[in-house]
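Chemist: generate a structure from the sequence data that follows.
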Amino acid sequence: MSKKTTVTLAKGDGIGPEITNAVLSILEAAKAPLEFEEIEAGLSLYQKDISTGITDAGWKSLRKNKVFLKGPITTPQGGGMKSLNVAIRTTLGLFANVRPCISYHPFITSKHPKMDLVVIRENEEDLYTGIEHQQTAQVFQCLKLVSIPGSEKIIRYAFDYARNHGRKKVSCFIKDNIMKMTDGMFHRVFDEIGLEYPEIEKDHYIIDIGTARLADTPDRFDIIVTPNLYGDIISDVAAQITGSVGIAGSSNIGESCAMFEAIHGAAPDIAGQGIANPSGLLLAAIQMLVHLNLPGYASTIHNALLATLEEGTHTADIFRENSKVKVSTSEFAEAVIKNIGNKPHHLKVANYPTEQAGFAYKKYSQQPTEKKLIGVDVFFDWNDGSPESLAEKLQALNEDDFQLEMITNRGVQVWPNGFPETFCTDHWRCRFIQADKKDIAHTRIVDLLSRIDDLNLDFIKIENLYTFNGKAGFSSSKN
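Modeler: Now for the predicted structure:
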């Protein structure tokens, strides 16, 4: 008998306990060599004003066991509560969110019977860092942070996943026609790393048309790699068009730790009714078994699930005209248990390899960079007149080599040569630039801010303007 592996477990909120208990019963029946260390996490802790949704004991368990099976957890909207999912992913370095989306047509109704793709989503960066500020009475900001090392890591993971799983193509989804620096860098890194995998086909899509084509003709895709927010959205789209979000599981993979979960939420509206579909969390547990190098158990349980779906034994969310019997959560688990040892007759038989190549992590190597400070964007909370009147005040601060170049409002240039039709808020970005683009000292910017303060103008933020190897490290926003 295999030595048992200890896995940290949280049953979650809403339907979480119901579907988790169903999955645990299947794992036990299949004699998977696992034991579980349960922790409290989620809504019950938020209600005790624990803003992270997890205790110190919970963190200790996760760091010790390094593998986490998690039921869906509710994050209260608004207020100061943090998303537990995001906290675990970022704190434990779970950089890769892997979401297989497969059609089980005709046993689960889908308009896309050949669909079989994987969304690989960057998990630590982008807007999900949650760095937000209210800067004026009218304007809020959320910082989008994307790094070269983070992009390299997720993109390389996607190509390695393709190579290890016999996939033929990797598609990059970005929006670099608008976000030319952040998404542009992600696209550039995708092209550079792709050269190391000549046997794998590559393409890229702007996120809007890419999502439209994913929803319309998903069989054109094999693996999609994308930044965090886009990946969250398109993986739900992909899961839904397979037939139901309720049959999709996901893994969150890091260098040392991993978390496995269904992609759907806690569904409090149906909690306690015993009708939830446990398939998403079960498929996540199957991914966990593969991760733990227990592919035989993963194959056995996956095939039992497929055989159950083929029989037409379905929970309410996937019950359609092709279904045979509508069952509860626990009855579905019992049907899967009865099928342990059986294989599907029509769906593709699951056969996880005994050995899978791991992720070839390469530590990012910083290239020599010549960095120069050439100016500053100063942001103002100001609501006392036209852009021209603000420019007049600021031009009084001009020096021979350090002058006001432009003013924008919500990214649109409004001075000089602004249009009266442009709608403006109370949030203004004013760019001061060094005339010959030579390196300046930080003290010049400190002096400028001091003189702005003397004018009783409310500056709320600054962004230093740098060049890197002679290229501007900031957007122009000029009309």
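
Chemist: what does the least confident helix or strand in the chain by mean pLDDT contact?
Modeler: Lowest by mean pLDDT, DSSP states H and E among the helices and strands of the chain is helix 43-46, with a mean of 84. Contact partners of helix 43-46, identified using C-beta atoms under 8 Å, 6 or more residues apart in numbering, comprise 13, 52-55, 73-76, 81, 266. For the C-beta atoms, the positions are set from N, CA and C on the backbone; glycine is no exception.

Chemist: CA atoms of it as CSV?
Modeler: As requested, the backbone C-alpha atoms of helix 43-46 are provided in CSV (Å, rounded to 0.1, in the frame of the first residue of the first chain):
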residue,chain,number,x,y,z
LEU,A,43,-16.9,33.1,5.4
SER,A,44,-17.0,31.9,9.0
LEU,A,45,-13.7,33.7,9.6
TYR,A,46,-14.7,36.8,7.7
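
Chemist: tell me the helices and strands packed up against whichever helix or strand comes after it.
Modeler: Going down the chain from helix 43-46, the next helix or strand is helix 56-65, by DSSP states H and E. With contacts taken as 3 or more C-beta pairs under 8 Å, 6 or more residues apart in numbering; DSSP states H and E, helix 56-65 sits against strand 5-10.

Chemist: strands paired with the strand it packs on, and their directions?
Modeler: According to DSSP bridges, strand 5-10 forms sheet pairs with strand 34-38 (parallel), strand 67-70 (parallel).

Chemist: in the longest one, which residues are buried?
Modeler: Counting neighbours by 16 or more other C-beta atoms under 10 Å, one finds that the buried residues in strand 34-38 are 34, 36.

Chemist: angle of it against helix 56-65?
Modeler: 160 degrees (axes from the mean of the first three to the mean of the last three C-alpha atoms, to 10 degrees).

Chemist: and the contacts of strand 34-38?
Modeler: Against strand 34-38 from outside (C-beta under 8 Å, 6+ apart): 4-11, 24, 27, 61, 65, 69, 292.

Chemist: helix/strand/coil for Asp436?
Modeler: Asp436 falls in the coil class when you classify it by DSSP: H, G, I helix; E, B strand; the rest coil.

Chemist: what about it, distance to Ala472?
Modeler: 14 Å (C-beta to C-beta, to the nearest Å).

Chemist: tell me which of these two has more neighbours.
Modeler: Shown here are Asp436 and Ala472; by other C-beta atoms under 10 Å, Ala472 has more neighbours (14 against 7).

Chemist: for the more buried one, which non-adjacent residue is spatially closest?
Modeler: Spatial nearest neighbour of Ala472, excluding adjacent residues (C-beta to C-beta, 6 or more residues apart in numbering): Leu465 at 7.7 Å.

Chemist: you'd agree that neighbour is in a strand?
Modeler: Yes - membership of Leu465 in a strand is supported by three-state DSSP.

Chemist: spit out the contact partners of it.
Modeler: Leu465 is in contact with 373-377, 431, 433, 472-474, counting by C-beta under 8 Å, 6+ apart.

Chemist: so where's the stretch 51-200 of the chain uncertain?
Modeler: Scanning the stretch 51-200 of the chain for pLDDT under 70 picks out the ranges 77-81.

Chemist: how about the strands in it?
Modeler: 67-70, 96-102, 116-122, 132-134, 140-142, 169-174 (DSSP state E, counting those that start in this stretch).

Chemist: can you redo these as CSV with distance to Arg220 and mean neighbour count?
Modeler: Converted to CSV, the strands of the stretch 51-200 of the chain look like this (distance: least, C-beta to C-beta, whole Å; neighbours: other C-beta atoms under 10 Å):
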stretch, distance to Arg220, mean neighbour count
strand 67-70, 32, 23
strand 96-102, 14, 24
strand 116-122, 9, 25
strand 132-134, 36, 10
strand 140-142, 32, 12
strand 169-174, 9, 24
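
Chemist: would you reformat these as JSON lines and include distance to Pro387?
Modeler: What follows is the strands of the stretch 51-200 of the chain, written out as JSON lines (distance: least, C-beta to C-beta, whole Å):
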{"stretch": "strand 67-70", "distance to Pro387": "50"}
{"stretch": "strand 96-102", "distance to Pro387": "43"}
{"stretch": "strand 116-122", "distance to Pro387": "38"}
{"stretch": "strand 132-134", "distance to Pro387": "22"}
{"stretch": "strand 140-142", "distance to Pro387": "20"}
{"stretch": "strand 169-174", "distance to Pro387": "33"}
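
Chemist: right, so of those strands, which gets closest to Ile460?
Modeler: For the strands of the stretch 51-200 of the chain, the distance to Ile460 is smallest for strand 132-134, at 8.6 Å, taking C-beta to C-beta.

Chemist: other SSEs contacting that closest one?
Modeler: Using 3+ C-beta pairs under 8 Å, 6+ apart: strand 132-134 touches strand 140-142.
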